[in-house]
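Colleague: Here is the input, now give the coordinates:
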Amino acid sequence: MAMQQKRIWTIAMAGVLTMTMAGIEGCGSNVVKAQEADPTATLMGIATGLETAWNQGNGTAYASYFTDDADFINIRGDIFAGSKQIAQVHGMILAGPFKGSHIAITMRTLKVLAPGVAMLDTDQTVTDFPALPAGVVSTAPGTLVTHFKYMAIKQADGSWKLISGQNTSELPGRTVLPPVV
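Modeller: Numbers count the residues shown, from 1 in each chain. Predicted structure coming up:
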């Protein structure tokens with residue numbers, strides 16, 4: 001009798017497990033079916049793409065790494081909404097004060113915060129500029145260093161785009177504190 005009860009319990013539990021798994025399968029975004037491949041190379045590629053677009057003076061290519069609804073805060077605190085405004089502004093500055101300039105982007109940290117969400121923290125050094133926009137001060141003669149943080153999100157097609165970016169100028173004479181241990 002005990003053996004038969006055990007068998008019935010096992011069959012019942014198998015049925016519950018099967019129904020549960022079928023229900024989970026239909027839950028969509030609440031289920032992680034497989035671990036996503038490490039997006040580091042793709043996200044590093046975005047930084048390289050931004051660098052290349054800037055160095056080619058191409059504001060449209062620069063903005064192509066941002067979502068249509070991205071927000072962008074430049075080093076003066078100006079706020080731009082969407083990739084179209086980002087393209088427009090970068091077209092103007094790359095044809096004006098930053099014409100012929102060179103940017104080098106170095107990744108300080110790259111963190112995947114959640115599946116499909118990442119933060120890119122970069123240092124950006126701009127040289128060879130003929131002038132700086134009003135209100136922007138060089139970090140050292142002929143050099144502008146900024147710290148730029150981006151938020152990236154994975155798109156429905158599996159690609160990654162920047163949804164937000166904020167640039168902060170490194171002013172001359174800044175205080176560098178030792179790391180907190």
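
Colleague: how about the nearest residue to A63 once chain neighbours are set aside, secondary structure?
Modeller: Using Cβ to Cβ, 6 or more residues apart in numbering and skipping residues adjacent in sequence, the residue nearest A63 is A87, 3.5 Å away. For every residue, glycine as well, the C-beta is placed using N, CA and C. Using DSSP: H, G, I helix; E, B strand; the rest coil, the structure places A87 in helix.

Colleague: give me the number of residues near A87?
Modeller: A87 has 19 neighbours, counted by other Cβ atoms under 10 Å.

Colleague: contacting residues around it?
Modeller: Applying Cβ atoms under 8 Å, 6 or more residues apart in numbering to A87 gives the contacts G59, T60, Y62, A63, S64.

Colleague: contacting residues around the fourth one?
Modeller: Taking Cβ under 8 Å, 6+ apart as the criterion, A63 is in contact with S83, K84, I86, A87, H90.

Colleague: hmm, 10 Å instead?
Modeller: Contacts for A63 (Cβ atoms under 10 Å, 6 or more residues apart in numbering) come out as 50, 53, 70, 72, 80, 82-91, 162.

Colleague: swap in the second one?
Modeller: With contacts defined as Cβ under 10 Å, 6+ apart, the neighbours of T60 are A53, S83, K84, I86, A87, Q88, H90, G91, L94.

Colleague: Please report how far T52 lies from L113.
Modeller: Counting by Cβ to Cβ, to the nearest Å, the separation of T52 from L113 is 26 Å.

Colleague: Now, of the contacts of T60, which are buried?
Modeller: A53, S83, I86, A87, H90, G91, L94 (16 or more other Cβ atoms under 10 Å).

Colleague: In the residues you listed, find the pair that's most separated.
Modeller: Using Cβ to Cβ, the buried ones among the contacts of T60 span at most 15.3 Å, a distance reached by S83 and L94.

Colleague: circling back to that earlier point, which of T52 and L113 has more residues huddled nearby?
Modeller: Legend: neighbour count by other Cβ under 10 Å for T52 and L113, higher for T52 (14 against 10).

Colleague: check which helix or strand covers the more buried one.
Modeller: Assessed by DSSP states H and E, T52 sits inside helix 40-55.
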